[in-house]
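Trainee: Structure here, sequence nowhere to be found:
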């Protein structure tokens, strides 16, 4: 008498959809994560209720500390060299974005100097960096 062998079904689990979902989640988190590449200068920025995050890859960052010292791309600059340094960093492109990060204790005169220099260079895409009002503790 011959014993009947049980037929064994081959079950294959297709993990292709799982891999697709994992990659989609990875892409989603990479795109939705904001990378904070703040400068190393310690500034006390003024507050604002509306702020927008911008990438720092193709922009000129100009900072003014509380003492009134000017920095272009984290390098200290004299008033007389400001125009030349901005031209070097922007490569003469008037469409390059400029982010002005002025300490809240900086003199208004210093901010106007930078804005006038940018106007002379016909750089019109200027943003002023602020800190969201929600991020600041009230005393």
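Mentor: Arrived safely. From a predicted model like this one, the values you see are computed outputs, not experimental measurements.

Trainee: so where's this structure uncertain?
Mentor: 1-2, 5-10, 34-57, 132-139 (pLDDT under 70).

Trainee: hmm, try it at 80
Mentor: Residue ranges of the chain with pLDDT under 80: 1-12, 33-58, 94, 130-139.

Trainee: just the strands in it please.
Mentor: 47-48, 59-64, 70-72, 75-77, 97-102, 126-128, 131-132 (DSSP state E).

Trainee: winner for burial among those strands?
Mentor: Mean neighbour count (mean count of other CB atoms under 10 Å) peaks for strand 59-64 among those, with a mean of 22. From N, CA and C alone the C-beta is placed, and that goes for glycine too.

Trainee: So which elements touch that one?
Mentor: strand 70-72, helix 82-90, strand 97-102, helix 108-120 (3 or more CB pairs under 8 Å, 6 or more residues apart in numbering; DSSP states H and E).

Trainee: who wins for proximity to residue 4 among those?
Mentor: Ranking the helices and strands packed on strand 59-64 by proximity to residue 4 (CB to CB) places strand 97-102 first, at 77.4 Å.
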